[in-house]
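Colleague: Got a predicted structure here, sequence first:
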Amino acid sequence: MENRASPLLISFLCLGIAFLYLPMAVLIGYSFNASAMASVWGGFSTHWYTELLQNRQILNAARLSLEIAALSSTGALLLGTLAAVALVRFTKFRGRLLLTGMVNAPLVMPEIITGITQLLLFVSMLQLIGWPTRGITTVVLAHVAFCTAYVTVTVQSRLQTADRSLEEAAMDLGATPFQAFVDVTLPLIAPALLSSWLLSFTLSLDDLVISSFVSGPRSSTLPMIIYSKVKLGVSPDINALASLIIAAVGACVLAAAYIVRRGERQRLAETQLATG
Amino acid sequence: MERHGRWLIILPPLVFLFVFFLIPFGFALKISFAEAALRIPPFSNVFSVTPDHKLHLVFSLANYKYLLTDEVYVVSYLYSIKTAFFSTLLCLLIGYPMAYAMARSSKATQSILMLVIILPFWTSFLLRVYALEGIIRDNGLLNTALMWLGVIHEPLKIMRTTFAVYLGIVYSYLPFMVLPLYATLEKLDHTLLEAASDLGSRPWRAFIDVTLPLSMPGVVAGSMLVFIPAIGEYVIPALLGGPDNLMIGRVLWDEFFANHDWPVAAAVSIAFLVLLVGPIAVHQHFRVGQLEHG
């Protein structure tokens, strides 16, 4: 589009963006408030951050959540990539429709229903075969299931646009199909793999509803602790924690965006060189 | 060899999702026919084997009857649809001009704006809802500022109201609306608008006749992305809403954690699935089918 947006539209856009960012900015501001009362500014202080670092309950939950997120996103990356390859490369196989349904359904399924049904599964499985006990295992299994859907959709759309003839050329030159895939296609879809791993990681790290259902008595994740504290009212150490999480996620996303963009630019330059 | 190799790729995700995503619905269906019981797990057996090795079935439709007789379920079901519908509409009204302004900025600005809109989506959803509470609670920033300015003398009551729930949903899901809208508006052929204006159409008319119809795929996609999670939303009504903001997600949560009535919760899930998720999934399926064939 060439014709510029009117000043009215531009100010509307700025207002919308302010609406998205103001609450987070205010939260970060509160986290440096010396006063425990939200409405009073008691001066600048890093008191709540030092307090946070001494809160064993929160630190343990944070470590548990990071572990769960790392395991689930890695599991989902593996399964989701396999599912994407299967759906894009193999046009006909038994169970294709089933697989398509199962990777798309979690995207429209309310979390609360996924959570309840998975809990009912784990409870029944425990009764029937004595595994799994509710805890980190069940949370990871549940997270892998819904993250796999996001990975599959992301990788699938990238694979569809990847040039198949490059892989065929590699095979003509004597590479096995597996080698051709690993050496040619994998680097092409690497940005999609990175972003879907990151997406799964944050989805898992942030999940409250599903974890609340499937976790066990001694495996409260960070969102579960945050939720129970927030439910009781204002807690200044949660402000500090939230600010840290927002800053960390923001930094990671910006870094990932930078890496992906640089990679794409490089690839573009290389293809231009190659094709003259 | 090739054919066996294929199954090494297909089977792991297929089996995993079958066991941990699909089978759970089978168990939910089974347990929805059970009766609540004081034991662990808290429901009666639907299938059991009698001493003479016969399969014994005890199906009870009581839970489904209960859903129809206790009006809280019907009320919260309708209330969830209403809330999701109006918050989607609000998102559309706010998101459309934003996406339109984005699509009309320069290419360099566009990629920065994309990142700016996407970033909140990556940060924690739960923490963003909590952050919003910091603005709208009785002694939050909004009330403090308005009282300081002398506009109001008593804090506005926003927390625990229906308005807060709408605000929460719009705040959380606005990026989901803006991005697909932006994607369709950005691809829009501006020569069509020039043609319309050459033929004497006023900008406003050209928008109604040309831009709006052409951006419908984005409108539909964005609306689905907001409507679907909004309808099963638990966190927003629980943290920001009042006791009368009974959305179905909240009723389900309470049935499970407060009343410990697992069979009724299972029946609500199954009913919710059939009445709501099913139609949405079928709609999505046909839409994707149309896109692939058309």
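Modeller: Arrived safely, thanks for sending. Numbering: from 1, shown residues only, chains lettered A, B, ... in the order given.
Colleague: Can you list the buried residues in the helix or strand in which B:Arg6 is found?
Modeller: Secondary structure assigned from DSSP states H and E places B:Arg6 in helix B:2-17. Residues B:Ile9, B:Ile10, B:Pro13, B:Leu14, B:Phe16, B:Leu17 are the ones in helix B:2-17 that count as buried (16 or more other C-beta atoms under 10 Å in any protein chain shown). In short, each C-beta sits where N, CA and C put it, glycine included.
Colleague: Can you name the residue of the stretch 101-250 of chain A nearest chain B?
Modeller: Per C-beta to the nearest C-beta, A:Pro110 is where the stretch 101-250 of chain A lies closest to chain B, at 2.3 Å.
Colleague: from what I can see A:Ala175 touches A:Asp183, true?
Modeller: Yes. Counting by C-beta atoms under 8 Å, A:Ala175 touches A:Asp183, with 6.7 Å between them.
Colleague: B:Tyr64 touches B:Ser32, doesn't it?
Modeller: Yes. Here B:Tyr64 lies in contact with B:Ser32, judged by C-beta under 8 Å, at a distance of 7.3 Å.
Colleague: Those two - which one has more neighbours?
Modeller: B:Ser32 (26 against 16; other C-beta atoms under 10 Å in any protein chain shown).
Colleague: which ones are touching the more buried one?
Modeller: Contact analysis of B:Ser32 by C-beta atoms under 8 Å, 6 or more residues apart in numbering or on different chains lists B:Asn63, B:Tyr64, B:Pro263, B:Ala266, B:Ala267, B:Ser269, B:Ile270.
Colleague: Pull out whichever of those residues are also neighbours of chain A.
Modeller: Restricting these to those near chain A by C-beta under 8 Å from any C-beta of the partner chain leaves B:Ala266, B:Ser269.
Colleague: Now pLDDT, secondary structure and distance to A:Ala240 too, for the contacts of B:Ser32, in JSON lines please.
Modeller: Shown next, in JSON lines, are the contacts of B:Ser32 (pLDDT from 0 to 100; DSSP: H, G, I helix; E, B strand; the rest coil; distance: C-beta to C-beta, whole Å):
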{"residue": "B:Asn63", "pLDDT": "91", "secondary structure": "helix", "distance to A:Ala240": "45"}
{"residue": "B:Tyr64", "pLDDT": "92", "secondary structure": "helix", "distance to A:Ala240": "48"}
{"residue": "B:Pro263", "pLDDT": "92", "secondary structure": "helix", "distance to A:Ala240": "42"}
{"residue": "B:Ala266", "pLDDT": "93", "secondary structure": "helix", "distance to A:Ala240": "40"}
{"residue": "B:Ala267", "pLDDT": "94", "secondary structure": "helix", "distance to A:Ala240": "43"}
{"residue": "B:Ser269", "pLDDT": "92", "secondary structure": "helix", "distance to A:Ala240": "37"}
{"residue": "B:Ile270", "pLDDT": "93", "secondary structure": "helix", "distance to A:Ala240": "42"}
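Colleague: Could you tell me which ranges of chain A sit under the pLDDT cut-off?
Modeller: A:1-4, A:38-39, A:234, A:275-276 (pLDDT under 70).
Colleague: Once you drop chain neighbours, what's closest to B:Ala281?
Modeller: The spatially closest residue to B:Ala281, leaving aside those adjacent along the chain, is A:Val108, at 5.6 Å (C-beta to C-beta, 6 or more residues apart in numbering or on different chains).
Colleague: measure that neighbour to B:Ile158 for me?
Modeller: Separation of A:Val108 from B:Ile158 (C-beta to C-beta, to the nearest Å): 31 Å.
Colleague: likewise A:Val26?
Modeller: Using C-beta to C-beta, which is the criterion applied here, A:Val26 is 15 Å from B:Ile158.
Colleague: Same check on B:Leu119?
Modeller: Taken as C-beta to C-beta, the span from B:Leu119 to B:Ile158 is 25 Å.
Colleague: cool, and A:Ser243?
Modeller: Using C-beta to C-beta, we find A:Ser243 at a distance of 23 Å from B:Ile158.
Colleague: neighbour count winner among those two?
Modeller: Neighbours were counted for A:Ser243 and for B:Ile158 using other C-beta under 10 Å; A:Ser243 has more, 23 against 18.
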